[in-house]
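Participant: need a 3D model of the sequence below.
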Amino acid sequence: MATFAAAVLAAAVPTAVADPVHAALAERPIPPGLLANERNTIEVFRRASPSVVYVRNARLARDRFSLNVTAIPRGAGSGFLWDDKGHVVTNLHVIRGADAVSVTLADGATHQAHLVGYDERKDLAVLRIEVTEASLTPLQLGDSTGLVVGQKVLAIGNPFGLDRTLTTGVISALGREIPTAGGGVIEDVVQTDAEINPGNSGGPLLDSAGRLIGVNTAIYSPTGSSAGIGFAVPVSAVRRVVPQLIRHGKVRRAGLGVTVLPDYVAERWGVSGVIVRRVTRGSPAAGAGLRSLEVGRRGDVERFDVIVGIGKRDITDFDDLSNAFDRYDPGDEILVRYRRDGKVREVRARLVEID
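Facilitator: This next block holds a predicted model:
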């Protein structure tokens, strides 16, 4: 797990965007004689930057005397167009606590946005803007499962409010974990040395073909500015979460129908895995034969089941279990491994939707 001296999950102070001079410079002819890598960088930026947006978070305040309502800027970040229906993806922390959210497109037009849904566990949120005139160009989705360390990446965002800023780098590491504000852990995070600063949050991390491979989410920094270690939520998670947020306004979580003991109890008892506290009657867990924790007449714990594996994944703590279920939908049948009386058993169970 990545260790943070300071995990910067805050947006930059908003400033003006949509500079027409900047836009004109971005469309200059590509000079002849450039290296192939340079031309690739320029072409990817020009294709992808129209899909990147500027997200501003505001608090509404009413004047005591005039009763007029004023939007006071609280912060800002980045986002990108998911489809041509006005859905915008960003980080949840970019808009957290907002009374009003606005989205500025690449053409400089600013639109009020409403929240469609969010997932605290992945720090993702979906907004929607009502656009009738503008032509929206969503980003092409890539695949984060085949990424390799050393692969070229590009980040586009609004660091410190500077619109559509491009930085480049490589994938520095894979399989990282970062903590979320809700106390969970995001797995399989992509680490990059592409410059990511406050305000880049919610913007896209792209491969050299211009495909989305991650959502820039956090940086490791003792100072608050980029130290060359940035983290992006992988597009594999984005592909699972965003369609559910658009359809349901939330993520439909899959589970077995059990409650479990906290990790500190398992550590105190010297147990590796997740201890089942209670099995809901009629649940998949009950059908698979798992049992609730048994307590003797004197109040001593006599027997309990420990979940140690889901599918091919070993389970050592609650974060492992929660992230394992993230890969499945309600209705999926999975293999569950659990330990009882020192013996590991394997059963199959069909997952259900849980709150």
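
Participant: partners of the closest residue to residue 45 other than its chain neighbours in the sheet?
Facilitator: Excluding its sequence neighbours, the residue lying closest to residue 45 (CB to CB, 6 or more residues apart in numbering) is residue 166, at 4.9 Å. C-beta here means a position set from N, CA and C on the backbone, and glycine is covered the same way. Beta-bridge pairing for residue 166 (DSSP bridges): residue 156.

Participant: residues in contact with residue 166?
Facilitator: 41, 45, 49, 154, 155, 156 (CB atoms under 8 Å, 6 or more residues apart in numbering).

Participant: save these as TSV, and put in distance to residue 100, neighbour count and pLDDT too.
Facilitator: Formatted as TSV, those follow (distance: CB to CB, whole Å; neighbours: other CB atoms under 10 Å; pLDDT from 0 to 100):
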residue	distance to residue 100	neighbour count	pLDDT
41	36	17	93
45	30	19	93
49	25	19	92
154	31	22	95
155	27	26	94
156	25	25	93
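
Participant: include distance to residue 81 when you put those residues into a markdown table, please.
Facilitator: Listed next are the contacts of residue 166 as a markdown table, based on distance: CB to CB, whole Å:
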| residue | distance to residue 81 |
| --- | --- |
| 41 | 21 |
| 45 | 16 |
| 49 | 11 |
| 154 | 17 |
| 155 | 16 |
| 156 | 12 |
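
Participant: of those, which is the nearest to residue 198?
Facilitator: The nearest member of the contacts of residue 166 to residue 198, counting by CB to CB, is residue 155 at 13.1 Å.

Participant: give me the pLDDT for residue 256.
Facilitator: In this prediction, residue 256 carries a pLDDT score of 92.

Participant: typo on my end, residue 121
Facilitator: The model's pLDDT for residue 121 equals 86.

Participant: name the helix or strand for the closest residue in space to residue 172 that isn't next to it in sequence, please.
Facilitator: In space, and not counting its chain neighbours, residue 172 is closest to residue 191: 4.6 Å by CB to CB, 6+ apart. Using DSSP states H and E, residue 191 maps to strand 185-192.

Participant: for residue 330, same thing?
Facilitator: Counting by DSSP H and E, there is no helix or strand that carries residue 330.

Participant: quick check: it touching residue 257?
Facilitator: No - Residue 330 is beyond contact range of residue 257, at 11.2 Å (criterion: CB atoms under 8 Å).

Participant: so which of these two has more stuff around it?
Facilitator: residue 257 (20 against 13; other CB atoms under 10 Å).

Participant: low-confidence ranges in the stretch 1-150 of the chain?
Facilitator: Low-confidence regions of the stretch 1-150 of the chain, defined by pLDDT under 70, span residues 1-26, 59-75, 133-134.

Participant: tell me the helices in it, going along the chain?
Facilitator: Assigned by DSSP state H, counting those that start in this stretch, the helices in the stretch 1-150 of the chain fall at 20-26, 36-48, 92-95.

Participant: what residue is smack in the middle of this protein?
Facilitator: The chain has residue 122 as the residue nearest its centroid, 3.7 Å off, counting by CA atoms, centre = their mean.

Participant: re earlier: who touches both of residue 330 and residue 257?
Facilitator: By CB under 8 Å, 6+ apart, the residues touching both residue 330 and residue 257 are residue 352.

Participant: can you pull the contacts of the residue nearest to the centre of the chain?
Facilitator: Residue 122 touches 180, 186, 233, 237, 238, 241, counting by CB under 8 Å, 6+ apart.

Participant: if we can go back for a sec, tell me which of the helices of the stretch 1-150 of the chain sits most buried.
Facilitator: helix 92-95 (a mean of 25; mean count of other CB atoms under 10 Å).

Participant: contact partners of that helix?
Facilitator: By CB under 8 Å, 6+ apart, helix 92-95 touches 9-11, 55, 57, 75-79, 101, 115, 118-120, 123-125, 127, 181, 201-202.

Participant: neighbouring strands for the strand or helix carrying residue 278, and are they parallel or not?
Facilitator: For residue 278, the host element (DSSP H and E) is strand 274-279. Strand 274-279 has the following strand partners under DSSP bridges: strand 258-260 (antiparallel), strand 306-310 (antiparallel).

Participant: next, the angle from whichever strand or helix holds residue 320 to strand 185-192.
Facilitator: According to DSSP H and E, residue 320 maps onto helix 318-325. Orientation of helix 318-325 against strand 185-192 (axes from the mean of the first three to the mean of the last three CA atoms, to 10 degrees) gives an angle of 80 degrees.

Participant: now helix 318-325: average pLDDT?
Facilitator: Rounded mean pLDDT across helix 318-325 is 85.

Participant: which other helices and strands does it contact?
Facilitator: Judged by 3 or more CB pairs under 8 Å, 6 or more residues apart in numbering; DSSP states H and E, helix 318-325 is in contact with strand 185-192, strand 253-255, strand 274-279, strand 306-310, strand 313-314.
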